[in-house]
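S.K.: Next input, structure requested:
(one chain, ligands or ions: 1)
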Amino acid sequence: MLPSSTYMLYKGYLLPTLAHTTESLEFAQNFPVEDTDVFVVTYPKSGTIWMQEIIPLVLNGGDLTPIQTIPNWDRVPWLEEKRLACVVDQLKSPRALVSHLPYKLMPPSFHASKAKVIYVIRNPKDVMVSSYYFHQMAGFLPDPGTFEEFMDKFLEGEVMFGKWTEHVKSWKNTELGDRILYITYEEMVQDLPAAVRKLSGFVGSNLSEDVIQKIAEHCSFHTMKVNRMSNFSLIPKLYMDSEKSPFLRKGIAGDWENHFSPEQLAKFTSVIRKELENESFSLPWCLD
Ligand code: A3P
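M.R.: Sure, this is the predicted structure:
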C-alpha cells in the first residue's frame, strides 16, 4: 500500500511525495547551475520524457549509449526530485536536466548563469487527456475520478505543479532572451527531424543531416515505447501500472477530440482564454 499523503505543498504547488521532499527542493534551490547546463522545462505531460531521449543525443553527437544504458530519470534528472542528489556527480558536461518548476522557483544560480532552457508547450486539451490516463496508471497519484471531475481539478490547478496557464505564463514572460527556446509538442509530432535540427542549432551542436535523421529514428514513439530505459517498465507496478495505461500511451496531437463533449470543450476553452486574455503572447494552436 502507498502512503495516503500523495502530495506535499511547496510554495503553493502540489508535488507528489514519491519523488519530492523538503530536502530535494532545498537541494534544487542550492543547486550550482553551470553556464553550459541545458534545462528542459515542461508542464507535466507535455513531452518531458521525449526530451530526455532527444537532448542527450543532440548534446553528444548521436551516441546512443545513454538511451540504451541509463534510465531516463538518471540520464536527464529532474532538478526538483530526490534522485538528482544521487546522480549529479555522474552527469557529463554539458549537463542536461529537466524541470516542471515555474520560472519563479528556479534556483538563484540559474538566474545568474548563462544556462539554456528548452520550453516544451503542448495543447492543454491533450495535456489534460494525457494527465487523466497518467493518474489512472500512477499509483502515487490520486484517482482522477471521472473525466469531467478531472477536468475541474485540472482547470482549478488542483493537480501537480498547479495550473497549466500559470506555468505557461511564467515561462513565456521571462527575461531570458535568447537563452530560451520554445518548441511545441505538435511540431515534434509533425516533423521530428526538423525539431531535432532546431534543437541542435539552439544548443550549438552542429549535427550533420545523417545524425539528425538517426536521432529522430531512435526517438520515435514506437522505438521509445519498447526501450526499457525509457518506457518506465523498470518501475514496480505499484507505482506505474502500464496495464491500466502505458506511459507512452498514444503519442499523437489531437486525442482530445476523442474525449471532450461540446460542453466540456466550451467550458475548457473559456477558462483558458480568460486566464490568458491580458497576455502579450499568443498560443500556437486554436483553442476551439
Ligand atoms: P500521451 O499520453 O498523449 O500519449 P511527459 O513525458 O511530459 O509526461 O509526457 C507524456 C506524453 O508524451 C505522453 O502523451 C507520451 O505518449 C508522449 N510521448 C513520449 N514520448 C513520445 C514520442 N517519442 N513521440 C510522441 N509522443 C511521445
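
S.K.: What residues does the stretch 151-288 of the chain have near the ligand?
M.R.: Applying Cβ under 6 Å from any ligand atom, we find that the stretch 151-288 of the chain lies next to the ligand at 189, 219-221, 224, 248-251, 255. (Glycine included, C-beta is placed from N, CA and C.)

S.K.: which residue is nearest the middle of the protein?
M.R.: The centroid of the chain falls nearest to Thr48 when counting by Cα atoms, centre = their mean (3.0 Å).

S.K.: Local confidence estimate at that residue?
M.R.: In the prediction, the pLDDT value recorded for Thr48 is 98.

S.K.: how much space is there between Trp78 and Val87?
M.R.: Using Cβ to Cβ, to the nearest Å, we find Trp78 at a distance of 11 Å from Val87.

S.K.: Settle it for me: which of the two has more neighbours?
M.R.: Trp78 (21 against 15; other Cβ atoms under 10 Å).

S.K.: Can you tell me which of the residues of the stretch 151-288 of the chain next to the ligand end up in helices?
M.R.: Among those, the members falling in helices (DSSP state H) are 189, 221, 224.

S.K.: Out of these, who's the most crowded?
M.R.: Neighbour counts for those (other Cβ under 10 Å) peak at Met224, which has 22 neighbours.

S.K.: Show the contacting residues for that residue.
M.R.: 49-50, 53, 230-231, 248 (Cβ atoms under 8 Å, 6 or more residues apart in numbering).

S.K.: now with 6 Å?
M.R.: By Cβ atoms under 6 Å, 6 or more residues apart in numbering, the residues touching Met224 are 53, 230, 248.

S.K.: That one and Gly201: what is the separation?
M.R.: 23 Å.

S.K.: host element of the residue in the stretch 51-200 of the chain positioned nearest to the ligand?
M.R.: Nearest residue of the stretch 51-200 of the chain to the ligand (Cβ to the nearest ligand atom) works out as Ser130 at 3.3 Å. Secondary structure assigned from DSSP states H and E places Ser130 in helix 124-137.

S.K.: what sits up against that helix?
M.R.: With Cβ under 6 Å, 6+ apart, helix 124-137 has contacts from 45-46, 141, 144, 150, 154, 164, 240-241, 244-245, 249, 255-256, 259, 272.
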